[in-house]
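Enquirer: I would like to see how this sequence folds:
(one chain, ligands or ions: 2)
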Amino acid sequence: MKSTHITWHDSEISKEDRQNLNHHQSPVLWFTGLSGSGKSTLSVEVEKALYERGVHAYRLDGDNIRHGLNKNLGFSPEDRTENIRRIGEVAKLMNDAGLMTLTAFISPYREDRDNVRALFNEGEFIEVYTKCSLEEAESRDPKGLYKKARSGEIKGFTGVDAPYEEPNEPEIIVETDKQSLEESVQEVMDHLHRIGAISI
Ligand SMILES: Nc1ncnc2c1ncn2[C@@H]1O[C@H](COP(=O)(O)OS(=O)(=O)O)[C@@H](OP(=O)(O)O)[C@H]1O
Ligand SMILES: Nc1ncnc2c1ncn2[C@@H]1O[C@H](COP(=O)(O)OP(=O)(O)O)[C@@H](O)[C@H]1O
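Expert: Ligands and ions are numbered 1, 2, ... in the order given. Got it, this is the predicted structure:
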């Protein structure tokens, strides 16, 4: 903390009031996985499924956020940590606002993800591991970045010459190289129903 002499000021409307107004809870669905593992694709589909059920949800995507809020950050370990810390704080604000958040960031470090988890109440941080072999992600190469990483044009690319630490106990694992997109969407929606975050 750099700032001193600052005081928290509570609202008279609580998070629970806002959730009641929306008729659903406001957890964060934290998608994590290799580039090309399907974070964006899956989170887009889940966001649509939620919208159709009248759930107020918003998606934060690595590529998009790096155009604005986090445009001063690169891909060094320190910058990735700061990227994830800021997104965690944004997701926490959305949680308090009564909105469901879907985040699609590689978030390669376990400690960074666990630090975000610690911001939330039990059950409100839902880690979704888009599990996919490097071989499959690389063969998809939707943006041609693995090719650039292999040729040395991009340095420190996750899975090639930068680490990805798998989650130890994610709430949800979707194996995007084995199951269909529809099955993965269903798995996420089933989880939200099971924990009572949504009722429709
Ligand atoms: N060096 C390096 N390593 C990994 N990814 C790279 C890199 N350089 C650019 N990109 C592109 O940036 C997207 C990942 O951004 P994130 O904010 O999700 O990364 S991180 O969580 O901070 O590690 C990632 O998007 P996704 O493919 O959607 O994961 C890439 O398009
Ligand atoms: N079962 C699946 N789930 C998600 N994506 C899949 C699946 N099968 C193939 N894909 C493809 O894999 C690519 C994943 O890219 P993307 O969603 O951008 O990944 P990420 O956001 O993790 O980088 C897309 O081109 C998508 O169409």
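Enquirer: which residues in this protein form helices?
Expert: 15-22, 39-52, 62-65, 77-96, 110-117, 134-140, 145-151, 181-194 (DSSP state H).
Enquirer: and residue 4, which of those is closest to it?
Expert: In terms of C-beta to C-beta, the element of those nearest to residue 4 is helix 77-96, at 19.2 Å. Where you see a C-beta, it was placed from the backbone N, CA and C, and this is true even at glycine.
Enquirer: Which one of the helices of the chain has the poorest average confidence?
Expert: Among these, helix 62-65 carries the lowest mean pLDDT, a mean of 89.
Enquirer: ok, back up a step: closest to residue 30 out of the helices of the chain?
Expert: Per C-beta to C-beta, nearest to residue 30 of the helices of the chain: helix 110-117, 6.8 Å.
Enquirer: What residues sit buried inside the closest one?
Expert: Residues of helix 110-117 classed as buried: 112, 113, 116, 117 (neighbour count, 16 or more other C-beta atoms under 10 Å).
Enquirer: contacts for it?
Expert: Contacts to helix 110-117, defined as C-beta atoms under 8 Å, 6 or more residues apart in numbering, come from residues 30, 32, 80-81, 84-85, 87-88, 91, 107, 125, 127, 165, 167-168.
Enquirer: same thing but at 10 Å, please
Expert: If you take C-beta atoms under 10 Å, 6 or more residues apart in numbering as the criterion, helix 110-117 is touched by 28, 30, 32, 77, 80-85, 87-89, 91-92, 103, 105, 107, 109, 124-127, 129, 164-168, 170.
Enquirer: For residue 84, which residues are in contact?
Expert: By C-beta under 10 Å, 6+ apart, residue 84 lies in contact with 30, 32, 62, 70, 73, 103, 105-109, 111-113, 115-116.
Enquirer: near ligand 1, which of those show up?
Expert: 62, 105, 106, 107, 108 (C-beta under 6 Å from any ligand atom).
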